[in-house]
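Trainee: Coordinates for the following, if possible.
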Amino acid sequence: MSEKALAEIVAMGGFARADARDHRELAERLSGSVSVRVIVSEYIRVDLPVLEQAPGLKGVIAYGAGYDHIDVDSLASRGVVVCNCRGENAQAVAELTFGLLLCLLRRINRADHWVRENEWIKAGRNLPGWVMGNELQGKTLGIIGLGQIGSRVARIARGFDMKILGYDPFAPPVANTFHKMETPPLEELFSSADIVTLHVPLTPETDRMISARALAMMKPKALLINTSRGKVIDEPVLLETLKQNRIGGAAFDVFADEPISSDHPFSKLENVVLSPHMGALTQEAGERLSDAVVRQIRDILEGRRPECLINK
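Mentor: Numbers count the residues shown, from 1 in each chain. Reported below is the predicted structural model:
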């Protein structure tokens, strides 16, 4: 949160940072407080036990687009408003998607480490074979999820002269026309794309949607990028797929259980790029998110409908 946003929140009636490791600790810290009106949470689950410790709660705001950590139904049953900050970090996540993709195609992170370890001096002009990469131009990009982030990924992909395939049963047809993309069935997207990138929320329908069946449809050299939620991938199945080189590689900003340690199985693979759930972490996105939180806190406290209301 920006200092400007925190100052505005304090002016509205106070601000408390409830440092908590999980929802149980959050409930303990609230401990029957009648003064808590709004909770802002990025990852900590907000559910009925939390609500029971905050009887004066009027609203919960997800700090970001994803709200799978919020028990929307339980809160709605008690008349508590739930909203998110969708779109505010979309550009940041879309740009990181291409950062991860370029690292995979051009092995940038491996090259950086290689130079720092003085290997270039040792090799001289005899560079190793792994430095030979691939270009984005002419590749087919399959985008699953065409919301705020996925549509921005499509726009960036057009600048790389990529062919774009999109899949989203909820996207309006006009979005597909604007981004000059084809919208084949999901099975055809998996089998046709050189790169598959995921931009879906975690729901019962998307939970482990990247399954053994989906991975088996992908090209032998295809790449998989995930900047959405870790649990949309069946990680053990993908691990075996990568170990056996049945696809070309993968890059992750999110994982089923976070944080991961240095001995995580994915960290042992050379055809994988890892980052610590930092997709939304740019200064610009932070300012936009902070401003969105302030606007929606003000709306909730003053009885107006927040701009990004979830439980309509």
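Trainee: Do I have it right that residue 9 meets residue 3?
Mentor: No - using CB atoms under 8 Å, residue 9 is not in contact with residue 3, being 10.8 Å away. Any C-beta I mention is one placed from the backbone N, CA and C, and that applies to glycine too.
Trainee: Compare the two and say which is more crowded by neighbours.
Mentor: The neighbour comparison of residue 9 against residue 3 (other CB atoms under 10 Å) goes to residue 9, with 19 against 8.
Trainee: Helix, strand or coil: sort out that one for me.
Mentor: When classified by DSSP: H, G, I helix; E, B strand; the rest coil, residue 9 comes out as helix.
Trainee: Need the nearest residue in space to it, chain neighbours excluded.
Mentor: Nearest in space to residue 9, with sequence neighbours left out and distances taken as CB to CB, 6 or more residues apart in numbering, is residue 15 at 4.6 Å.
Trainee: That neighbour: neighbour count?
Mentor: With other CB under 10 Å as criterion, residue 15 counts 16.
Trainee: swap in residue 217?
Mentor: 16.
Trainee: what sits against it?
Mentor: Residue 217 is in contact with 187, 190-191, counting by CB atoms under 8 Å, 6 or more residues apart in numbering.
Trainee: what's the answer for residue 218, then?
Mentor: Residue 218 makes contact with 190-191, 193, 196, 224, 247 under the criterion CB under 8 Å, 6+ apart.
Trainee: Including distance to residue 169, could these go into a markdown table?
Mentor: Shown next, in a markdown table, are the contacts of residue 218 (distance: CB to CB, whole Å):
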| residue | distance to residue 169 |
| --- | --- |
| 190 | 15 |
| 191 | 19 |
| 193 | 18 |
| 196 | 17 |
| 224 | 21 |
| 247 | 25 |
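Trainee: Separate out the buried members of those.
Mentor: Buried by 16 or more other CB atoms under 10 Å: 190-191, 193, 196, 224, 247, out of these.
Trainee: Could you tell me which of these belong to helices?
Mentor: Within the buried ones among the contacts of residue 218, residues falling in helices by DSSP state H are 190-191.
Trainee: Just checking the distance from the longest helix along the chain to the centre of its chain.
Mentor: Longest helix in the chain by number of residues, with DSSP H as the criterion: helix 283-301. With CA atoms, centre = their mean, to the nearest Å as the basis, helix 283-301 stands 19 Å off its chain's centre.
Trainee: For that helix, give me every contacting residue.
Mentor: Residues from elsewhere that reach helix 283-301 (CB under 8 Å, 6+ apart): 1-2, 4-6, 8-9, 12-13, 37-38, 40, 58-59, 61, 63-64, 81, 83, 85, 88-89, 91-92, 280, 304-308.
Trainee: how does it look with 7 Å?
Mentor: Helix 283-301 is contacted from outside by 1-2, 5, 8-9, 12, 37-38, 40, 58-59, 61, 63-64, 81, 83, 85, 88-89, 92, 305-308, using CB atoms under 7 Å, 6 or more residues apart in numbering.
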